[in-house]
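Q: sharing a model that was predicted from the sequence below.
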Amino acid sequence: MSRRPEPSVDDLVTGTLAGELRRAPRLIRIIDDGGPIAWAALKQLFPHTGSALVIGTTGPPGAGKGTLTDCLIQLVRELGRTVGVLAVDPSSPISGGAILGDRIRMNRFALDDGPTAGSS
């Protein structure tokens, strides 16, 4: 069985910007690993970042990260803005850190077109 060739960084960036969320995890991994390829990807992405605000949460299981994120989504949506949620669990034995690897807990906005969630 032959494997499909790995997409280029250009393909990953273009696909991610076009909303092909399956490309995002690979792109994030490349950026997280650093190096010249990561910088090339960031240079392509930067012109598309606009005035996005990035908020990160971290903490042990049960600390309230999902609840806090859910409340932040509600506040931002009430302002008429869109939200992108990128949830990563680096301690997950199942996903090993994949985006939304084990489960999605913030279901309240699942049918709302404003929030978008990355998925692997």
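A: That came through, no problem. No experiment lies behind these values; they were computed from the predicted model shown. Numbering: from 1, shown residues only.
Q: domain assignment for this structure?
A: As assigned by automatic domain parsing, the chain contains the domains 1-50, 51-120.
Q: quick one: average confidence on the last one?
A: This predicted structure assigns domain 51-120 an average pLDDT of 70.
Q: quick one: which helix or strand includes Gly84?
A: strand 83-85 (DSSP states H and E).
Q: related to what we said a few turns ago, make a markdown table out of the domains of the chain and add mean neighbour count.
A: Yep, even glycine has a C-beta here, placed from its N, CA and C like the rest. Formatted as a markdown table, the domains of the chain follow (neighbours: other Cβ atoms under 10 Å):
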| stretch | mean neighbour count |
| --- | --- |
| domain 1-50 | 13 |
| domain 51-120 | 13 |
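Q: from Ile55, how far off is Asp10?
A: As defined by Cβ to Cβ, to the nearest Å, Asp10 lies at a distance of 29 Å from Ile55.
Q: check which helices and strands the helix or strand harbouring Ile73 sits against.
A: For Ile73, the host element (DSSP H and E) is helix 65-78. In terms of contacts (3 or more Cβ pairs under 8 Å, 6 or more residues apart in numbering; DSSP states H and E), helix 65-78 is packed against strand 83-85.
Q: what's the strand it packs on packed up against?
A: With contacts taken as 3+ Cβ pairs under 8 Å, 6+ apart, strand 83-85 sits against helix 65-78, strand 115-117.
Q: can you pull out the helices in the chain?
A: Using DSSP state H, the helices assigned to the chain run over residues 9-17, 24-33, 36-45, 65-78.
Q: residue closest to the middle of this structure?
A: Leu86 (3.2 Å; Cα atoms, centre = their mean).
Q: could you measure from it over to Arg23?
A: Counting by Cβ to Cβ - Leu86 and Arg23 are separated by 13 Å.
Q: the helix holding Ile73: how far from the chain's middle?
A: With Cα atoms, centre = their mean, to the nearest Å as the basis, helix 65-78 stands 16 Å off its chain's centre.
Q: over to stretch 66-85?
A: Chain-centre distance of stretch 66-85: 15 Å, with Cα atoms, centre = their mean.
Q: now swap in stretch 31-48 and tell me
A: Distance of stretch 31-48 from the chain centroid (Cα atoms, centre = their mean) equals 15 Å.
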